[in-house]
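Peer 1: return atomic coordinates for the entry below.
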Amino acid sequence: MAVALVGLLGSACADTKDTTGGALDLEERAAALEAACSDHDSVRVTTGSTGRIEISDFFVAGTFYADDTILRTERCVAHLEGPDEPRAPAGTLTVSSDLVGTPGGPPAALVINPDLSNDYFEFPDPPLFNYPDGTRVRIQLAGAPAFPAIHHRNVRSSPFGVIAFTQPQVPASGVLAIASTAPFALDWTVPEGARRAPQQSIAASLLVLGPGAWGHIYCSWPVAEGHGEIPAAMLGEFRTRLGGAGALDGALDIFSGEFRELTMATSSYVILVGSDLPQTSIPRSTSVLFE
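Peer 2: Reported below is the predicted structural model:
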């Protein structure tokens with residue numbers, strides 16, 4: 001079964017057009033458009049399987065959960081699982097790129113099966129891309145019960161160098177405070193050539209560990225926009241479901257590269273393309289206190 005591709009940019013709603021692609025069946029079209037066409041200030045809640053596939057120039061990692069809570073706003077999706085929820089196998093993950101089989105590139109696609117903890121991890125040697133080169137990367141997932149297959153999806157690594165952010169400003173302590181009661185704003189300097197690369201994104205990944213749940217918020221915006229915001233409605237609902245009181249520990253990652261969410265009515269996969277090298281002026285895995 002094909003997986004519906006939905007960007008978190010809300011363009012299907014802005015144009016009142018179906019931009020989900022002609023190859024999808026009616027159920028997949030409905031799920032994709034519903035995911036894209038939410039009220040910016042509302043949070044929709046579903047449950048189902050989730051996955052995170054992170055592709056760096058020097059590693060590929062994947063984690064999958066069979067029974068998560070999924071929150072949605074217009075440009076954001078959150079995955080929450082119980083602190084003791086085990087990772088699940090989702091079938092063989094295959095990752096390739098335009099450099100595979102070329103001189104100096106990897107000799108073959110990476111074929112990754114889950115380890116004993118159901119983690120997916122592999123180191124390509126040589127790298128799948130050489131940031132910042134804008135290389136096309138291809139992803140396939142065999143699928144399993146509760147996990148729809150990914151038949152063929154493409155994303156591109158960032159063609160831009162380090163992107164400077166004016167906010168957030170990380171304090172000298174290295175710990176960023178994020179409130180769940182107000183929007184969290186991000187502003188960056190738009191790199192030259194960004195308008196010629198409309199699929200390139202700035203993506204924020206906020207991980208927070210709570211006593212009732214652990215979760216990620218993922219949001220993305222076109223890099224050419226120069227501004228993004230995680231809505232207060234998403235942050236507030238996310239905080240409530242994490243449980244407990246007071247500040248919780250977390251980490252913020254900012255990715256420059258093409259971001260994709262693949263979604264159906266009861267599943268959500270996110271694909272992030274990054275690099276081990278600095279991509280933005282925000283340090284990788286910046287410590288967060290989330291209240």
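Peer 1: for Arg44, list each beta-bridge partner.
Peer 2: For Arg44, the beta-bridge partners are Arg72 (DSSP bridges).
Peer 1: gap between it and Val175?
Peer 2: Distance of Arg44 to Val175, given as CB to CB, to the nearest Å: 31 Å. All C-beta spots, glycine's among them, are computed from the backbone N, C-alpha and C.
Peer 1: with Pro103 instead?
Peer 2: 45 Å.
Peer 1: and those two? Which one has more around it.
Peer 2: Val175 (14 against 5; other CB atoms under 10 Å).
Peer 1: how about the strands of the stretch 1-150 of the chain, start to end?
Peer 2: For the stretch 1-150 of the chain, the strands defined by DSSP state E, counting those that start in this stretch cover 4-6, 44-55, 60-72, 76-81, 93-97, 110-112, 120-122, 136-141, 150-156.
Peer 1: and the residue sitting furthest away from the middle of the chain, what are its phi and psi?
Peer 2: Residue farthest from the centre of the chain, counting by CA atoms, centre = their mean, is Pro103 at 30.7 Å. Dihedral pair for Pro103: phi -60, psi 130, per degrees, to the nearest 10.
Peer 1: give me the pLDDT value at it.
Peer 2: Note on Pro103: pLDDT of 96.
Peer 1: what does the one 10 residues further on give?
Peer 2: Asn113 carries a pLDDT score of 98 in this model.
Peer 1: got it, and Gln167?
Peer 2: On pLDDT, Gln167 comes in at 97.
Peer 1: need phi/psi at it.
Peer 2: Note on Gln167: backbone dihedrals following degrees, to the nearest 10 are phi -150, psi 140.
Peer 1: do Leu235 as well
Peer 2: Backbone phi and psi, for Leu235 under degrees, to the nearest 10, turn out to be phi -60, psi -40.
Peer 1: try Leu242
Peer 2: Here Leu242 shows phi and psi, under degrees, to the nearest 10, equal to phi -70, psi -30.
Peer 1: test my guess that it contacts Leu80.
Peer 2: Yes. With contact defined as CB atoms under 8 Å, Leu242 counts as touching Leu80 (7.4 Å).
Peer 1: leaving out sequence neighbours, find the closest residue to Thr189.
Peer 2: Counting by CB to CB, 6 or more residues apart in numbering, Thr189 lies nearest to Ala164, which is 4.6 Å off, once chain neighbours are set aside.
Peer 1: next, find the distance separating the one you found from Leu272.
Peer 2: In terms of CB to CB, Ala164 sits 20 Å off from Leu272.
Peer 1: of these two, give the one with the bigger neighbour count.
Peer 2: Taking other CB under 10 Å, Ala164 and Leu272 do not tie; Leu272 has more neighbours (22 against 12).
Peer 1: confirm the more buried one sits in a strand?
Peer 2: Yes. Assessed with DSSP: H, G, I helix; E, B strand; the rest coil, Leu272 lies in a strand.
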